[in-house]
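Colleague: only geometry, no sequence info:
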Ligand SMILES: [Zn+2]
């Protein structure tokens, strides 16, 4: 888990403005340490998922963003209970874009409707890098002065 930013979420009731509001929201709350390289995919997928929720679900539309260091977890929920699938004619294109630009995605029934989530790679790796040994950490080389 990330120790730079906490998970954050917000709820949007105006279906006509949710595309812009949700993208503004994730841009403002993306982890500055780990999420920068994922910003393009995050904005694209946020737009696709909230558009799907606006067209096929029921408001309010919720957006939750979590930084997991190596990936961002984006979850978009709405009050409709019909789970979207890749086979739906109009929702299918948006979900195909989500599938192609995320590490994984899925749908989950929730207490108040459904959630669609996706995991977006950040490009970060978590392998621990060994600290440099004390005797080799700082080596000062004498400056070579030009002669003459
Ligand atoms: Zn982070």
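Modeller: Yes, it's here. All values reported here derive from a predicted model rather than from experimental measurement.
Colleague: was I right about residue 5 contacting residue 31?
Modeller: Yes: counting by Cβ atoms under 8 Å, residue 5 does reach residue 31; the two are 4.6 Å apart. For every residue, glycine as well, the C-beta is placed using N, CA and C.
Colleague: can you pull up the most central residue in the chain?
Modeller: Centroid check for the chain by Cα atoms, centre = their mean gives residue 72 as the closest residue, at 3.6 Å.
Colleague: now do the closest residue to that residue other than its chain neighbours against the ion, distance only.
Modeller: Excluding its sequence neighbours, the residue lying closest to residue 72 (Cβ to Cβ, 6 or more residues apart in numbering) is residue 120, at 4.6 Å. Per Cβ to the ion, to the nearest Å, residue 120 is found 12 Å from the ion.
Colleague: kindly report the same for residue 1.
Modeller: 9 Å.
Colleague: got the contact list for that residue?
Modeller: For residue 1, the contact set (Cβ atoms under 8 Å, 6 or more residues apart in numbering) comprises 67-69.
Colleague: before we move on, what about residue 69?
Modeller: Contacts for residue 69 (Cβ under 8 Å, 6+ apart) come out as 1-2, 34, 122, 124, 126.
Colleague: the residue nearest to residue 72 contacts residue 71, doesn't it?
Modeller: Yes: using Cβ under 8 Å, residue 120 is in contact with residue 71, at 5.9 Å.
Colleague: which of the two has more neighbours?
Modeller: Legend: neighbour count by other Cβ atoms under 10 Å for residue 120 and residue 71, higher for residue 120 (27 against 21).
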